[in-house]
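# Dropping the sequence and predicted coords here.
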Amino acid sequence: MEDIIFSSPLGPRVTEVVPTDDYKLLLTFTSGEKKVFDVKPLLDIPVFKPLSSKKFFNLVKVAYGSILWPQDIDYCPDTLYMESVPYEI
């Protein structure tokens, strides 16, 4: 067992999430960056269909450095970071 696999360091993780009325998430990352992630393109994917209900969408919370909805619907934190855009408060 001399083969050791070293992974690259984790990217920034989510520390805060705020859902908006237009199916976007305002995200704060461990790096201090604040970004916006647009969820609308995901709503046609079967696993994300429940998010089309505004009431369900608003149940999003931070979990394990990422985001989570009921029914174990989540999203990769690295993808959230890479596909979101900066925003100013």
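The structure has been received and is ready for your questions.
# Please enumerate residues in contact with the top helix by length along the chain?
The helix that spans the most residues within the chain, counting by DSSP state H, is helix 77-83. Here helix 77-83 makes contact (CB atoms under 8 Å, 6 or more residues apart in numbering) with 10-14, 25, 27, 29, 35, 37, 65-67. For every residue, glycine as well, the C-beta is placed using N, CA and C.
# Which of those residues sits closest to residue 59?
Using CB to CB, residue 67 comes nearest to residue 59 of the contacts of helix 77-83, at 10.5 Å.
# quick one: that closest one and residue 19 touch, right?
No - look at residue 67 against residue 19 with CB atoms under 8 Å: they stay out of range, at 9.5 Å.
# neighbour count winner among the two?
residue 67 (22 against 19; other CB atoms under 10 Å).
# what about residue 55, which SS state?
When classified by DSSP: H, G, I helix; E, B strand; the rest coil, residue 55 comes out as helix.
# So for stretch 21-40, what gets flagged as buried?
23, 24, 25, 26, 27, 28, 29, 34, 35, 37, 39 (16 or more other CB atoms under 10 Å).
# Ramachandran coordinates for residue 61?
The phi/psi pair for residue 61 (degrees, to the nearest 10) reads phi -150, psi 160.
# For it, name its beta-bridge partners.
residue 68 (DSSP bridges).
# That one reaches residue 74, doesn't it?
No - with contact defined as CB under 8 Å, residue 61 does not count as touching residue 74 (10.3 Å).
# What residues sit buried inside stretch 36-54?
Quick answer for stretch 36-54 (16+ other CB under 10 Å): 37, 39, 42, 48, 50, 51.
# Could you do stretch 57-71 as well?
57, 60, 62, 65, 66, 67, 68, 69.
# Mind picking the two most distant members of those residues?
Longest span within the buried residues of stretch 57-71, CB to CB: 57 and 65, 20.4 Å.
# Low-confidence regions, this protein specifically.
Residue ranges of the chain with pLDDT under 70: 1-9, 89.
# Residue 66 and residue 12 touch, don't they?
No - here residue 66 does not reach residue 12: they are 10.9 Å apart, not a contact under CB under 8 Å.
# what sits against residue 22?
So residue 22 contacts residue 40 (CB under 8 Å, 6+ apart).
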